[in-house]
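*Asks:* Curious how this folds, go ahead:
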Amino acid sequence: MILVKTVASNLAKDSSFNKDFNVGVDEKQNEVAEEFSKLVTDKIKCKMRSSKNELLISFTPFENVDKVISEINAEVKKLKEKYRLQKWKVDFFMAIETYANEEEAATKLMNLKKLIRLGFKEEVACLSTFMQRYSLLESPKYVIEGKGLYTINDKEETVFCVEKISFT
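*Replies:* Sure thing, here's the model as predicted:
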């Protein structure tokens, strides 16, 4: 499952004119999240749940993960450009995790939320469980690189990010 959070910033206002930078931010974040949800739904066969500026994407089989990440990245680029032209900066924070059964889903969702809070912009954060499962794919398209040790669930965990496309 993948959790995507959108954060919008208004670039059209200038602080020298005493304008409030936060006017319309919540509405824009919700707008971006809804548009992102629609775009992803059209491209990927998956289950989605959204709340405010967060979107939870679940899909199977795991072998589709490269396609899902590629589609998400493509839609992120389109939306960033669209809103930049409207004088809005939109940042996307993403985290991915695997789970074997529905009982694990709640715990994994909490892990995703903690990974999002680390603030890795435009990268897909993950823990070692995803990295290990991903390494079992026959020909993975992405490279997963370590970002460091962080406290997750009251213990130190190595956090990784899906970094870039591998051409091998």
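*Asks:* going forward, measure contacts between C-alpha atoms and count neighbours the same way
*Replies:* Noted.
*Asks:* Check what contacts the longest helix along the chain and list those residues.
*Replies:* Scanning the chain for the helix with the most residues, using DSSP state H, yields helix 65-85. With contact meaning Cα atoms under 8 Å, 6 or more residues apart in numbering, helix 65-85 is reached by 32, 36, 39-40, 43-44, 89-92, 140-142.
*Asks:* Can I get those residues in JSON lines including pLDDT?
*Replies:* Putting the contacts of helix 65-85 into JSON lines (pLDDT from 0 to 100) gives the following:
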{"residue": "32", "pLDDT": "87"}
{"residue": "36", "pLDDT": "87"}
{"residue": "39", "pLDDT": "83"}
{"residue": "40", "pLDDT": "82"}
{"residue": "43", "pLDDT": "80"}
{"residue": "44", "pLDDT": "80"}
{"residue": "89", "pLDDT": "89"}
{"residue": "90", "pLDDT": "89"}
{"residue": "91", "pLDDT": "91"}
{"residue": "92", "pLDDT": "91"}
{"residue": "140", "pLDDT": "89"}
{"residue": "141", "pLDDT": "89"}
{"residue": "142", "pLDDT": "90"}
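*Asks:* Restricted to buried residues, select those in ChimeraX.
*Replies:* If you want just the buried ones from those in ChimeraX, going by 16 or more other Cα atoms under 10 Å, the selection is:
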select :32,36,39,40,89,90,91,92,140,141,142
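*Asks:* Just the ones in helices from the contacts of helix 65-85, please.
*Replies:* Using DSSP H, those in helices are 32, 36, 39, 40, 43.
*Asks:* Can you lay out those residues as JSON lines showing distance to residue 134?
*Replies:* What follows is the ones in helices among the contacts of helix 65-85, written out as JSON lines (distance: Cα to Cα, whole Å):
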{"residue": "32", "distance to residue 134": "29"}
{"residue": "36", "distance to residue 134": "25"}
{"residue": "39", "distance to residue 134": "25"}
{"residue": "40", "distance to residue 134": "22"}
{"residue": "43", "distance to residue 134": "22"}
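*Asks:* which residue ranges form the helices in the protein?
*Replies:* Under DSSP H, the chain gives helices at 25-43, 65-85, 102-117, 128-135.
*Asks:* between the ones you listed, which gets nearest to residue 163?
*Replies:* Checking these against residue 163 by Cα to Cα gives helix 65-85 as the closest, at 11.0 Å.
*Asks:* Measure how buried residue 148 is and give me the count.
*Replies:* 11 (other Cα atoms under 10 Å).
*Asks:* show me what contacts it?
*Replies:* By Cα under 8 Å, 6+ apart, the neighbours of residue 148 are 158, 159, 160.
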